[in-house]
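Undergrad: I need the structure of the sequence given here:
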Amino acid sequence: MIPAHRVDAVLTQDGKLSLDNLPFRAGQAVEVIVLPAASPGASAAGRLRGMVLRYDQPTAPAAETDWDALK
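TA: Numbers count the residues shown, from 1 in each chain. The predicted structure is shown next:
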């Protein structure tokens with residue numbers, strides 16, 4: 001299996017996208033996922049900033065009553 005292939009591209013004015021010289025053989029089925037590019041200077045730490053303030057006992061097992069909430 002060929003690993004994922006990442007390529008940066010820019011849409012044309014009519015919204016079309018062209019990808020050339022991909023490392024896959026002709027006729028091979030591929031999955032295409034299009035995501036907006038991260039803004040310059042955005043790091044993983046910056047995207048997560050403010051998400052979690054703290055963990056109280058992060059390695060403690062879940063209480064039995066917590067599992068009942070999943071039912």
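Undergrad: where does this protein have its least confident helix or strand?
TA: Least confident helix or strand of the chain, by mean pLDDT, DSSP states H and E, is helix 44-48 with a mean of 64.
Undergrad: Nearest to the middle of the chain, which residue? Look it up for me.
TA: What sits nearest the mean C-alpha location of the chain, by CA atoms, centre = their mean, is L35, with 8.5 Å.
Undergrad: tell me the mean pLDDT for stretch 64-71?
TA: If you average the pLDDT over stretch 64-71, you get 68.
Undergrad: what does stretch 11-23 give?
TA: Averaged across stretch 11-23, pLDDT comes to 90.
Undergrad: How about exporting it as PDB, limited to the C-alpha atoms?
TA: Output of stretch 11-23 as PDB, limited to C-alpha atoms (Å, rounded to 0.1, in the frame of the first residue of the first chain):
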ATOM      1  CA  LEU A  11      -7.900  26.600  -6.800                       C
ATOM      2  CA  THR A  12      -8.400  28.400 -10.100                       C
ATOM      3  CA  GLN A  13     -11.000  31.300 -10.300                       C
ATOM      4  CA  ASP A  14     -13.600  28.900 -11.500                       C
ATOM      5  CA  GLY A  15     -13.100  26.600  -8.500                       C
ATOM      6  CA  LYS A  16     -11.200  23.800 -10.300                       C
ATOM      7  CA  LEU A  17      -8.300  21.900  -8.900                       C
ATOM      8  CA  SER A  18      -5.700  20.100 -11.000                       C
ATOM      9  CA  LEU A  19      -3.200  17.600  -9.500                       C
ATOM     10  CA  ASP A  20      -0.300  16.400 -11.700                       C
ATOM     11  CA  ASN A  21       2.400  13.700 -11.300                       C
ATOM     12  CA  LEU A  22       0.700  11.800  -8.500                       C
ATOM     13  CA  PRO A  23       2.400   8.600  -7.300                       C
END
